[in-house]
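K.L.:
what would the 3D arrangement of this be:
(chains A, B, C, D, E and F)
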Amino acid sequence: MEDGVKKFLYVNRKAPYGTIYALEALEVVLIGAAFDQDVSLAFLDDGVFQLTKGQDTKEIGVKNFSPTFRALGDYEVTKLYVEKESLDERGLTADDLQDITYEDEDDDWAEKPSILIVSRSEMADVMAGQDVILSF
Amino acid sequence: MEDGVKKFLYVNRKAPYGTIYALEALEVVLIGAAFDQDVSLAFLDDGVFQLTKGQDTKEIGVKNFSPTFRALGDYEVTKLYVEKESLDERGLTADDLQDITYEDEDDDWAEKPSILIVSRSEMADVMAGQDVILSF
Amino acid sequence: MATLHTVNKSPFATQSLLSCLGHAKAGDTVLLIEDGVYGAAGGTGLADAVAGLGGAVTLAVLAPDLKARGIDEGRLMDGVKTVDYAGFVDLAASHDRTQAWL
Amino acid sequence: MATLHTVNKSPFATQSLLSCLGHAKAGDTVLLIEDGVYGAAGGTGLADAVAGLGGAVTLAVLAPDLKARGIDEGRLMDGVKTVDYAGFVDLAASHDRTQAWL
Amino acid sequence: MKFGVVVSEGPYTHQASDTAYHFVTAALAAGHEVPRVFFYHDGVNVGTRLSIPPQDERNIQQQWSALAKEHGTDLVICIAAAQRRGLLDKNEAERQGKDADNIAEGFRISGLGQLIEMAIDADRLMTFGD
Amino acid sequence: MKFGVVVSEGPYTHQASDTAYHFVTAALAAGHEVPRVFFYHDGVNVGTRLSIPPQDERNIQQQWSALAKEHGTDLVICIAAAQRRGLLDKNEAERQGKDADNIAEGFRISGLGQLIEMAIDADRLMTFGD
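P.N.:
Next comes the predicted model:
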């Protein structure tokens, strides 16, 4: 922790819509972005389902919050770690996920991907490098 | 279904105390006993943990409802089907469960065991023979 | 005398689908709803286990829950039927009893 | 820089314990609480998977939750530590961070 | 055909009460009867009139209250489950010395016997939970 | 050492709020500080004063209210989570045109920023949920 900035990791392990945890986690991330901490999001186990493309919730009558992930860059939330083994086990590839990008202010506002596909062992390293872990 | 009597099965698949489902299922069974239906209980998966001996909840500050299972005979609830495969997978045997008995009014009030250990396939037959299945 | 089983949990998170399939009988239907719909997709480690019971037990999935989660119907395992809420009602009416695997 | 992991679900019902063990690092402690305590008993199909990680990761279990569920301490796998609520607090204080596997 | 319906999880947190609502709506549209819905466990929380969901989300309590009004469906909240969780009607609040109540229009609080009666009376029993 | 605590499931239904309570009690007994407990998701339901658990069960709300009174712990209920689920204080009820409120003594309703502040301020963050 440097200069009072803590490393925050939001851990998402649950599928969207069946329960509210994914949506209410995102609400914390959006509020938390105002606090100038070092923020990362982790998606593993069923949490990877939160990021799939083409979600259409009209018929279940529940709000589709998946577009909000694409807005995270505007809140300077730019590190979304997604576990490769979790994708594999679920028959998913990176192509099944939404394109989520941010504009890098340190690189002439170049558009860069926010999603970082990592191995389980790299995910364990990401987790072990945090000051605060919020679990949903 | 004969003479308006339905076969009711209460299905218990969850462990006690971590969640309230086991306790609130038992509350339904006790009320339901007054309705003169043909009642059975099924314990499978983590539901078999509800019946273990020696539960002592003092330190977690939650009410120990396991003695209530032994009172079910007084409510004429005498068929508690317990799945053998579920016990095996959890390293349990019938000896790890409470003694639950009833007095058989059709056999000179002889004391008989209420717990019937059945195989998975027999449990499937029990389920398939019901009119109403209440899941907890 | 067939049963309509409903499963509403992801098979990657809980054991409910496996337990349900272990107790379903020939002629029964297993309907995947809510987070249960993830169990209907092919190409996963689970697909084999589910397919292994094929034939005798019909597998169905609630389409509104599939769409909500962005699962294309083309990804479903062979033989999985899709229904809408009206079809869910029809299944409940056409089976003799319903069992929810909560 | 070690982590205290908490797992509160039965390993027979959900994948939380397996996922936790797959992410725990040498020096970490995994504390089983609530329905998670069922994961600490020996003689089950799971015991091997848990024991396989032994050594590098310490496994601990909350004794009040064990007693509530009627699990005799004699049934615990070798090497599992028992703690009470005060011991839980000590573990949280002596590790650098806590991660709940909900 | 006559359906009995049990809702055993709370609103918003679990999808159960939504799925139950869509099922009941479809059953009624198909000409079936749904004389009663029984709210148990956290399902009792569906019946609070104090919820204020965001404008862009469905109002689950109001959906059920409107359905009861239109179709005469009896929405029963289990009293034992409700007392633990803080769901009260006016009578119960007075009887228990509580200074407020929170039950919504179209819902009523009653005992578990109503669940058993519903299961006896119905051709099919549906359970929506967690 | 300073602990921050999150409770994310409702009372009675899940053991989470009980475990959190025992943890906080033990932490305070060991001389640690617990300045704040944040109630999120269904955890907000811990803070209703309308619950009436059976005589032979613990009263979870009263346990927390007593703890707050004795130790000055700040019990914060998330406003967004509370609105969905029907937890209100007097001010919010008036502002929203609701005719009743149900929050218990010792609890207050505030925003998610209080969770982030707690996490920044605490040496360790504990989460009790489902």
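K.L.:
from what I see, residue E:59 and residue E:50 are in contact.
P.N.:
No: using Cβ atoms under 8 Å, residue E:59 is not in contact with residue E:50; the gap is 12.0 Å. For glycine as for every other residue, the C-beta is placed from the backbone atoms N, C-alpha and C.
K.L.:
between the two, tell me which one has more neighbours.
P.N.:
Set side by side, residue E:59 and residue E:50 show more neighbours around residue E:50, with 26 against 16, by other Cβ atoms under 10 Å in any protein chain shown.
K.L.:
give me the neighbour count for the nearest residue to the more buried one once chain neighbours are set aside.
P.N.:
Nearest-residue entry for residue E:50: residue F:86, 3.9 Å, with adjacent residues in sequence omitted and distances by Cβ to Cβ, 6 or more residues apart in numbering or on different chains. Neighbour count for residue F:86, taken as other Cβ under 10 Å: 28.
K.L.:
contacts only, for residue F:86.
P.N.:
Listed by Cβ atoms under 8 Å, 6 or more residues apart in numbering or on different chains, the contact partners of residue F:86 are E:45, E:48-52, E:61, E:102, F:102.
K.L.:
dump the residue contacts of residue A:19.
P.N.:
Counting by Cβ under 8 Å, 6+ apart, residue A:19 has contacts C:35, E:13-15, E:130.
K.L.:
what residues does chain C put near chain A?
P.N.:
Contact residues, chain C versus chain A (Cβ under 8 Å from any Cβ of the partner chain): C:8-10, C:12-13, C:34-35, C:38, C:41-45, C:47, C:63-65, C:67-72, C:75, C:84.
K.L.:
of these, buried ones?
P.N.:
With burial judged by 16 or more other Cβ atoms under 10 Å in any protein chain shown, the buried subset of those is C:8-10, C:12-13, C:34-35, C:38, C:41-42, C:44, C:47, C:63-65, C:67-71, C:75.
K.L.:
just to revisit the earlier point, and chain D, which of the residues of chain C next to chain A contact it?
P.N.:
Applying Cβ under 8 Å from any Cβ to the residues of chain C next to chain A, those adjacent to chain D are C:12-13.
K.L.:
next, see if the longest helix along chain C gets close to chain B.
P.N.:
As assigned by DSSP state H, the longest helix anywhere in chain C is helix C:85-94. No: with Cβ under 8 Å from any Cβ as the criterion, chain B is not reached by helix C:85-94; the gap is at least 12.5 Å.
K.L.:
okay, now residue 39: neighbour count?
P.N.:
Unless you meant another one, I'm taking chain A. For residue A:39, the count of nearby residues is 21 (other Cβ under 10 Å).
K.L.:
oops, I was thinking of chain C
P.N.:
Residues lying near residue C:39 (other Cβ under 10 Å) number 27.
K.L.:
what packs against the helix or strand of chain C with the lowest mean pLDDT?
P.N.:
None of the helices or strands of chain C scores lower by mean pLDDT, DSSP states H and E than helix C:47-52, at a mean of 72. Packing partners of helix C:47-52 (3 or more Cβ pairs under 8 Å, 6 or more residues apart in numbering or on different chains; DSSP states H and E): helix C:16-23.
K.L.:
so the helix it packs on, near chain E or not?
P.N.:
No: applying Cβ under 8 Å from any Cβ, one finds helix C:16-23 separated from chain E by no less than 10.3 Å.
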